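Q: sequence and predicted structure, then a few things I'm wondering about:
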Amino acid sequence: MDMAPEQLAVCAGIAGLANHLYFKNNEPKTGHWPLLGLGLQSVALTAVCTTLTPANLLYTTAVFLGSLTTSIVVYRLSPWHPLAQYPGPLLARVTKMWGLYTQLSTRKHKILKRLHEQYGDFVRIGPNDISIGNADAIKTVLGAGGFQKGHYYEVFTDPDLNQPNVFNMRGDAHAARRRIWNRGMGPEAMKSFEIPMAEHIKTMMGHLDRLSKEKKAANMSEWFTYFSFDFMGDMAFGGDFGKLKEGGDKDKTFPMLQIGIRGVATLTQVPWFAETFNAIPGVKGMVRDTFDFARKRADQRMKDGPAEIKDLWYHLMDEEGVEKVKLGQDEVLADGIMAVTAGSDTVATALTTFCWMMVKYPEAAARVRAEIDSIYPDGTNIFECDRHDELKFTNACIQETLRLYPPVPSNGARKIPPGPPRLVAGKVFPQNTQLYIPPYVIHRDERNFAPAPNSFDPDRWLRNGSGKGDVLNQMAFLAFSYGAANCVAKKLALNELMMVSTALMKRYEFSFSPLGTPKQTTEWDDSIDEYHITGVGKLMLDVKIR
Ligand code: HEM
């Protein structure tokens, strides 16, 4: 057949529309097969309708893809789209490329805050994605009977191991894995983890003492990263990674890890591309190298066998022999890697920000020190967590730090399940809508925390909403998320934050070093990068032993 160009255009146009209809109802799970399918359709259309020459192929492809793209764009912007009533940036409503841009910008939390100020509680931040800035949605979305994690989380799987982990499992599988984790986070475990925690803090303080004597500034974000990473090694694999001992990162674990985590965070916006990306030669090998530190520790752990302190490996491998079905080694390794990535930057960011706050607000620091001195007068039992509850103001400062700078500022999305539309905070959402409830936005909303939601006011936690004009909505504190998939290690993380801060505030006075440390709040805000979790830039402090 040799069609006229107009007839060919009509056929290619119809094929484009048909493809849109198909993809609308069958969301692709990979990128390569649909892309290959589109390419083959162009070739087939050209060959069937006319002579297969490069010029004809180009013409058919242009019309075919043009029709497909136009159809998608028009539908997504049209009043017939089920999310048409929700406002948002034009580009976000049309394409996930906008989400990709926000993720790559590392400023997603700030962008979302600005958008909520502009558009209100419900903002369309993707063709099928809504960000909710209203705390009334928390229980429905994240609480018991809430929604399961969306596509966003699927990419948090190491392609080399190809095993899901507690972070991206759903439903019964997630509940079963959480049960094991919860055993590893019980009171007995909390007590035993105090030992390696204290040892690492002492090692870190050795370095700080040295820097103090040499009158050299300490990069606190670096020291806290070494601390949290080493401690996660103990907690997950029964042994640290040696970063604090060596006082550096000679084998360059962190730059590799940073690239890996940032890459995954980017893929959350285009999960269908993850499998394609991982199929690129060399990618799996790169991932393997990135997490080699964990593999080495796991190998060592298997050689060593269980130690007195029961680590996560002990529980997940069921070395106690209480589970009916045992997990495989790769499944355990996947969770171990997840523990290290989930528990390192989060804790390091929180500690660094706390330190920054203590230098920025010297009156608060003086009150923290006075409180610590009153509970631990001679400092001998400073590493015992039992009396942390008595440090009311110190706890309030940590809470306020986590409120203003939640280490997971935007969180991932939950997805409305197949079936009828669901009501969330008075609005209706159709199946497959991805819903975000960003902590950074919720925490800085005066309906939840007033007065001055953007200011550091630790006393708000002590007043507990009782002051004139005070609002303190405990339900809206999302630093550790909420519900069945909240932070499994919340207690452990708080123990770390309290133990480090009490020990350091007891022993040292900190001040901003002249070496380019962010001193203004805006500068500090700008030093924080979001890539699902967050990382902070350098915090150079001069350290004086008290
Ligand atoms: C200040 C420190 C920490 C903060 C603020 C924090 C915050 C969070 C948040 C907000 C989530 C939910 C994320 C989401 O749904 O996208 C989460 C989940 C999780 N966190 Fe933490 N975290 C901290 C420390 C830790 C530590 C030390 C560990 C150590 C193992 C850890 C392990 C996990 C795991 C495994 C999950 C996934 C739980 C699940 O999906 O069931 N976190 N964390």
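A: Received the coordinates, thanks.
Q: could you identify the helix or strand that succeeds the strand or helix carrying Glu222?
A: Assigned by DSSP states H and E, Glu222 belongs to helix 220-237. Once the chain leaves helix 220-237, the next helix or strand it forms, by DSSP H and E, is helix 243-246.
Q: wondering if whichever helix or strand comes after that next one reaches the ligand at all.
A: Counting by DSSP H and E, the element after helix 243-246 in chain order, helix or strand, is helix 253-267. No. Helix 253-267 lies out of reach of the ligand by CB under 6 Å from any ligand atom, never closer than 10.9 Å. In short, each C-beta sits where N, CA and C put it, glycine included.
Q: I'd like to know which elements the following helix or strand past helix 253-267 is packed against.
A: Per DSSP H and E, the first helix or strand lying C-terminal to helix 253-267 is helix 271-279. Here helix 271-279 touches helix 32-49, helix 253-267, helix 283-290, going by 3 or more CB pairs under 8 Å, 6 or more residues apart in numbering; DSSP states H and E.
Q: could you identify which of the ones you listed is most buried?
A: Of all the helices and strands packed on helix 271-279, helix 253-267 carries the top mean neighbour count, a mean of 18, counting by mean count of other CB atoms under 10 Å.
Q: helices or strands up against it?
A: So helix 253-267, by 3+ CB pairs under 8 Å, 6+ apart, packs with helix 97-105, helix 220-237, helix 271-279, helix 283-290, helix 329-360, strand 528-531.
Q: so for the ligand, which of those sits nearest?
A: Nearest to the ligand among the helices and strands packed on helix 253-267 is helix 329-360; the distance by CB to the nearest ligand atom comes to 2.9 Å.
Q: quick one on the thing from earlier: could I get the helices and strands packed on helix 253-267 in JSON lines, plus columns for distance to His443 and mean pLDDT?
A: JSON lines is the format used below for those (distance: least, CB to CB, whole Å; pLDDT from 0 to 100):
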{"stretch": "helix 97-105", "distance to His443": "19", "mean pLDDT": "95"}
{"stretch": "helix 220-237", "distance to His443": "21", "mean pLDDT": "96"}
{"stretch": "helix 271-279", "distance to His443": "27", "mean pLDDT": "89"}
{"stretch": "helix 283-290", "distance to His443": "31", "mean pLDDT": "88"}
{"stretch": "helix 329-360", "distance to His443": "13", "mean pLDDT": "95"}
{"stretch": "strand 528-531", "distance to His443": "14", "mean pLDDT": "95"}
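Q: a markdown table for those, including distance to the ligand?
A: As requested, the helices and strands packed on helix 253-267 are arranged in a markdown table below (distance: least, CB to the nearest ligand atom, whole Å):
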| stretch | distance to the ligand |
| --- | --- |
| helix 97-105 | 14 |
| helix 220-237 | 6 |
| helix 271-279 | 14 |
| helix 283-290 | 18 |
| helix 329-360 | 3 |
| strand 528-531 | 12 |
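Q: do you know which of the ones you listed lies nearest Arg262?
A: Proximity to Arg262 (CB to CB) singles out strand 528-531 among these, at 4.5 Å.
Q: contacts for that closest one, please.
A: With contacts defined as CB atoms under 8 Å, 6 or more residues apart in numbering, strand 528-531 is touched by 103, 106-109, 261-262, 265-266, 349, 353, 405, 409-410, 534-537.
Q: same thing but 7 Å
A: Here strand 528-531 makes contact (CB atoms under 7 Å, 6 or more residues apart in numbering) with 106-109, 261-262, 265, 405, 409-410, 534-536.
Q: need the helices and strands packed on helix 253-267 in CSV (columns: distance to Asp386).
A: Below are those laid out as CSV (distance: least, CB to CB, whole Å):
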stretch, distance to Asp386
helix 97-105, 42
helix 220-237, 19
helix 271-279, 44
helix 283-290, 38
helix 329-360, 21
strand 528-531, 33
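Q: of all these, which lies closest to His116?
A: helix 97-105 (13.4 Å).
Q: give me the helices and strands touching whichever helix or strand comes after the closest one, please.
A: Downstream of helix 97-105, the next assigned helix or strand under DSSP H and E is helix 108-119. For helix 108-119, the packing partners by 3 or more CB pairs under 7 Å, 6 or more residues apart in numbering; DSSP states H and E come out as helix 97-105, helix 439-443.
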